[in-house]
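Engineer: below are the sequence and a predicted model; questions follow.
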Amino acid sequence: MSSTASPDADDLRERVDAFLAEHDPATTEPLEFLRARFDAGLAWVHYPEGFGGLGAPRHLQSGVDKRFAAAGAPSNRPERIGIGLGMAAPTVLAFGTEEQKRRFLRPLWTGEEVWCQLFSEPGAGSDLAALGTRAVRDGDGWVVNGQKVWTSMAHEARWAILVTRTDPDVPKHKGMTYFVCDMTAPGVEVRPLRQITGEAEFNEVFLTDVAIPDDQRLGEVGQGWQVSTTTLMNERVAIGGAAVPREYGMIGVVAGLWRDRPELRTAGLHDQMMRLWVEAEAARLTGQRLRQQLTAGQPGPEGSAAKLAFAKLNQEISGLELELLGQDGLRYDDWTMRRPTEVDFTHRSPGYRYLRAKGNSIEGGTSEILRNIIAERVLGLPGEIRVDKDVAWKDLPK
């Protein structure tokens, strides 16, 4: 293979085997192992050389991951650093400078630095472009003031991807700028938001005169909407298009209950069980097709459909589980206030699954907004028409 040729599956197998021969997972310290794996280009194989990859086809990543897992290699705990892996990394790769890529990507992938996402605000959730958090020029940097909300992992994060308003005098989609924010900087305050589950998995973040150097800006000034769109498209694929085996997650839990407790079954519940099992399998296969499409480029609006299906299914499946369990499903095991670092649906109680699934249709883009994206960008339907009360119906476009 020439030095400029893209590695194929055989090349990657040889590279992984050679790496494992030099770095025994049983004797190598986990962080040292992960750093070396990144440096060898075996972290994200489709990323460029020097940034954790080898410029290989994206679909070869799963084979590399399976080979490392089979050898007992340490994990970077993707459930803990999912925002960094699924949203921050592809945005830094697409819009970051060479210096930014070298600074952020390696500790992000190894899990040394956790990331969070400062997008939503109390008055700008689904309509991100209505945000009010201001970034004002101050010499060679910026001063940021505002409030963000529903921020997962803010209590653990070292860095945040932050979108702000830098020009209030232009149309709202054009006056936004995107930054990397140091969560340990003076003026950053994180407060827990206790949820219906009893836990505070989310946070609200207050930014008061937070100084951000200009070299922590991603993209050009005023390009924040374009940069944010890249983040959001990757987020929805990360939530709804992950590679999973059959009967993974919630459907596996309920299918297991169905098989183990035949006394709970009724004819009506049988119909619901079969319908949801088929829909879950269809969603899984659709996610597999979506990942194959990603090998050709950046994620598109199709990820919105995957995320929409994920939310709907989780809510319906958790509801079926409570119906199966009857009064036993109404018990809630623990209301202790915690600030977890990951969401675990499969090893919690039925009550927790039911309550936590309610948030799936809000986080990562509300289901209402995702339906608009699907209608306009996937199906090609016309956008919403806002009609002034003085405009006659005959004057509307046909």
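Structural biologist: Structure received.
Engineer: enumerate the positions of the top strand by length along the chain that are buried.
Structural biologist: Counting by DSSP state E, the longest strand found in the chain is strand 202-213. By 16 or more other Cβ atoms under 10 Å, the buried positions in strand 202-213 come out as Phe202, Asn203, Glu204, Val205, Leu207, Val210, Ile212. In short, each C-beta sits where N, CA and C put it, glycine included.
Engineer: wait, doesn't the last one sit right on Phe179?
Structural biologist: Read that as Ile212. Yes. Under the criterion of Cβ atoms under 8 Å, Ile212 makes contact with Phe179 at 5.2 Å.
Engineer: now stretch 73-87: mean pLDDT?
Structural biologist: Stretch 73-87 shows a mean pLDDT of 93.
Engineer: do stretch 25-32 as well
Structural biologist: 97.
Engineer: other residues contacting it?
Structural biologist: With Cβ atoms under 8 Å, 6 or more residues apart in numbering as the test, stretch 25-32 has contacts from His23, Phe33, Ala36, Ala71, Gly72, Ala73, Pro74, Thr110, Glu112.
Engineer: where do the helices sit along the stretch 251-398 of the chain?
Structural biologist: Taking DSSP state H, counting those that start in this stretch, the helices of the stretch 251-398 of the chain run over residues 267-294, 302-325, 350-357, 367-373.
Engineer: give the rounded mean pLDDT of the longest one.
Structural biologist: On average, the pLDDT along helix 267-294 is 87.
Engineer: now the angle from that helix to helix 302-325?
Structural biologist: On the basis of axes from the mean of the first three to the mean of the last three Cα atoms, to 10 degrees, helix 267-294 is oriented at 160 degrees to helix 302-325.
Engineer: which neighbours do Ile212 and Phe179 share?
Structural biologist: Taking Cβ under 8 Å, 6+ apart as the contact rule, Ile212 and Phe179 both touch Ala135, Trp142, Val144, Leu162.
Engineer: now tabulate those in JSON lines and tack on neighbour count.
Structural biologist: Below are those laid out as JSON lines (neighbours: other Cβ atoms under 10 Å):
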{"residue": "Ala135", "neighbour count": "28"}
{"residue": "Trp142", "neighbour count": "22"}
{"residue": "Val144", "neighbour count": "25"}
{"residue": "Leu162", "neighbour count": "29"}
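Engineer: which one of the residues you listed sits closest to Val188?
Structural biologist: The nearest member of the shared contacts of Ile212 and Phe179 to Val188, counting by Cβ to Cβ, is Val144 at 9.3 Å.
Engineer: strands of the stretch 1-150 of the chain, residue ranges please.
Structural biologist: Secondary structure of the stretch 1-150 of the chain (DSSP state E, counting those that start in this stretch): strands at 115-118, 134-138, 141-149.
Engineer: which residues belonging to the second one are considered buried?
Structural biologist: With burial defined by 16+ other Cβ under 10 Å, the residues of strand 134-138 counted as buried are Arg134, Ala135.
Engineer: orientation of it relative to strand 141-149 in degrees?
Structural biologist: Using the same axes, to 10 degrees, one finds that strand 134-138 and strand 141-149 are set 170 degrees apart in direction.
Engineer: and the contacts of strand 134-138?
Structural biologist: Applying Cβ under 8 Å, 6+ apart, the contact partners of strand 134-138 are 142-146, 164-166, 168, 177, 179, 211-212.
Engineer: by mean pLDDT, flag the weakest helix or strand of this structure.
Structural biologist: Each helix and strand of the chain was given a mean pLDDT (mean pLDDT, DSSP states H and E); the minimum falls on helix 224-240 at a mean of 78.
Engineer: centre of the chain versus stretch 325-334, how much separation?
Structural biologist: Remark: stretch 325-334 is offset 30 Å from the chain centroid, using Cα atoms, centre = their mean, to the nearest Å.
Engineer: over to stretch 277-289?
Structural biologist: Using Cα atoms, centre = their mean, the offset of stretch 277-289 from its chain centre is 19 Å.
Engineer: ok, now stretch 97-106?
Structural biologist: The answer for stretch 97-106 is 20 Å, by Cα atoms, centre = their mean.
Engineer: okay, that stretch in PDB with CA atoms only?
Structural biologist: C-alpha atoms of stretch 97-106 as PDB (Å, rounded to 0.1, in the frame of the first residue of the first chain):
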ATOM      1  CA  THR A  97      -8.300  25.400  12.800                       C
ATOM      2  CA  GLU A  98      -5.300  23.000  12.700                       C
ATOM      3  CA  GLU A  99      -4.300  24.300  16.200                       C
ATOM      4  CA  GLN A 100      -7.900  23.700  17.500                       C
ATOM      5  CA  LYS A 101      -8.000  20.200  16.100                       C
ATOM      6  CA  ARG A 102      -4.700  19.300  17.700                       C
ATOM      7  CA  ARG A 103      -5.700  20.800  21.000                       C
ATOM      8  CA  PHE A 104      -9.100  19.300  21.400                       C
ATOM      9  CA  LEU A 105      -9.600  16.100  19.500                       C
ATOM     10  CA  ARG A 106      -7.200  13.800  21.300                       C
END
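Engineer: may I see the buried residues of that stretch?
Structural biologist: For stretch 97-106, a neighbour-count test (16+ other Cβ under 10 Å) marks Gln100, Lys101, Arg103, Phe104, Leu105, Arg106 as buried.
Engineer: what sits against the closest residue to the fourth one other than its chain neighbours?
Structural biologist: Across the structure, with Cβ to Cβ, 6 or more residues apart in numbering as the measure, the residue nearest Phe104 apart from its sequence neighbours is Val92 (5.4 Å). With contact taken as Cβ under 8 Å, 6+ apart, Val92 is in contact with Gln100, Lys101, Phe104, Leu105, Leu108, Val180, Leu218.
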